[in-house]
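1. model this:
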Amino acid sequence: MVLKILSAGAVKGGVAQLCAAYERSSGCKVEVEFTQVPKMKKRIAAGEIADVLVVTGGAMDEFAASGKIVPPTRALLGRSRVGVVVHKDAVVPDVSDTEAFKRALLAATAVVHNDASSGVYIASLLEKLGLKAWLGDRVIVVNSGAAIITTVAERGPGAIGMGQISEIRVMIDKGVAAKFVAPLPDAIQNVSTYYAAAAATSAMPDAAAALVSALTSDAAKKIFAATGID
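-> Numbering: from 1, shown residues only. Reported below is the predicted structural model:
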C-alpha cells in the first residue's frame, strides 16, 4: 500500500519528517513530491491522481469547489512568511522597514525570487514599490524556493533573495552558503496559509485521512514550528 502526497515546497521540512514518522507507525509507504502550487493545480485539473494534497488556502478552496478533495478531511497545517536571504559572507542589510528594504534591494547586484506563489507576490511587490524598472535585469526569477537560496550563494555577497522562511532554513541547514536576514517588514509581509486534505481520487480514503490527521495534529504543529511554519 502506497500513499501519494503532492505538497507545496514551503512546508517541505515538516511534511518530510511527518511522512517518515507515519510510514514507521502505520507500515504504509508514503511517496511525497514537492512542487509549486500553480503547477500542482494544473496537474490535478488535468486528472492526475493523488491521495493527499498540501497547498495554500486559496488553492484548497479551488480544489474544494471543483470536487478534488474530501471536504471533511481539510485541516490547517500552518502559516509561512517570506524572508530575506543573502550570501553567508555578506554584510547583513537593514530590512527593518519598507524604506530600508527598498534601499537594500537597490544596492544589490542581483535580486532573486521564484515563480511560485510567494514569487508571484514578490514580483507584484517590486512593481508596487516602484523597484521593477530600477532593478531591470538584476531581477532573477528561478523555478523553486531552493533555487532562490542556491542562486544567492552562487552570485556572491552582493545578491539578495526573498523566499519562504521555511525553505531558507532548510537550505541553510543543508550547508548552502547563505544566511537568513529577517522576515519582510510587517507592512509588506505576505503570509501564506497551508492546508492538507485527502484527495477525492484516493483509492485509500481512510489511510489518506489518517495521514492528513498526522500532518495537522498538535504534535505536528511543534515539528512545523521548528521549520519556520507557525
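
2. same question for the helix or strand harbouring V212: list its buried residues.
-> Element membership of V212 [criterion: DSSP states H and E] is helix 205-215. By neighbour count with 16 or more other CB atoms under 10 Å, helix 205-215 contains the buried residues 207-212, 214-215. Yep, even glycine has a C-beta here, placed from its N, CA and C like the rest.

3. tell me how far it lies from the chain's centre.
-> 21 Å (CA atoms, centre = their mean, to the nearest Å).

4. all strands for this protein, in order.
-> Counting by DSSP state E, the chain has these strands, from start to end: 2-8, 29-35, 52-56, 75-87, 110-114, 139-142, 159-164, 178-183, 191-198.

5. which one of those lies closest to S96?
-> For the strands of the chain, proximity to S96 was assessed by CB to CB; strand 178-183 is nearest, at 7.4 Å.

6. mind listing the strands that closest one pairs with, and their directions?
-> Taking DSSP bridges as the criterion, strand 178-183 pairs within the sheet with strand 75-87 (antiparallel).

7. picking that back up, let's have the strands of the chain in a markdown table, adding distance to C19 and mean neighbour count.
-> Formatted as a markdown table, the strands of the chain follow (distance: least, CB to CB, whole Å; neighbours: other CB atoms under 10 Å):
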| stretch | distance to C19 | mean neighbour count |
| --- | --- | --- |
| strand 2-8 | 7 | 22 |
| strand 29-35 | 4 | 16 |
| strand 52-56 | 9 | 28 |
| strand 75-87 | 12 | 22 |
| strand 110-114 | 23 | 24 |
| strand 139-142 | 26 | 18 |
| strand 159-164 | 19 | 27 |
| strand 178-183 | 25 | 18 |
| strand 191-198 | 11 | 23 |
